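Trainee: Sequence first, then the predicted structure, then my questions.
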Amino acid sequence: MVSITPYPQDNSRATLSPILQREDGRIDFSHSAAEILNRLRGFQPWPGAFTSFRGRKLEITAAQAANEGNLAEGELRYSDGRILVGCGQRSTLEILQVQPEGRSASPHATSPTARALLPMTRSAKLFAGSAKRSCDCCLSSSRCRF
């Protein structure tokens, strides 16, 4: 049996973390998939990890790293029943569960709501930066111009 021996904290080495704001949960796809996954886990349940898709908020509640390297940062692709997003350092994130604005969270593969996020034969673009909120081109074309 292993025992733990307590000892007093050295207050001179203690640091404070900043108070989280809602905007801290916005996903920046220029970061690596590993960093995004860490933030996704760290920001549950609040402020959550979210992005904008076709002008609406999309919360990502579960994801994992994927071995696909051909996606640009923020590029979204539906391939072989998987939703993939390109991230920084040529890494890729597989989205396992989403929560569209105004709806409950659901696994993408079994949810008509989540499957309808993008047409199966097209790619789209998720917004990587906090300044990018929505655009008109995502509503009508297969690739975002921004």
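Mentor: Perfect, thanks for sending it.

Trainee: Can you show me the helices along this protein?
Mentor: Remark: helices assigned in the chain by DSSP state H are 33-42, 112-115, 137-140.

Trainee: which secondary structure elements does the longest strand along the chain contact?
Mentor: In the chain, assigned by DSSP state E, the strand with the most residues is strand 56-66. Here strand 56-66 touches helix 33-42, strand 50-53, strand 92-100, going by 3 or more C-beta pairs under 8 Å, 6 or more residues apart in numbering; DSSP states H and E. Using the backbone N, CA and C atoms, a C-beta is placed for each residue, glycine as well.

Trainee: tell me how far that strand is from the chain's mean position?
Mentor: Between the centre of strand 56-66 and the centre of its chain there are 4 Å (C-alpha atoms, centre = their mean, to the nearest Å).

Trainee: do stretch 63-75 as well
Mentor: Distance, centroid of stretch 63-75 to centroid of chain: 11 Å (C-alpha atoms, centre = their mean).
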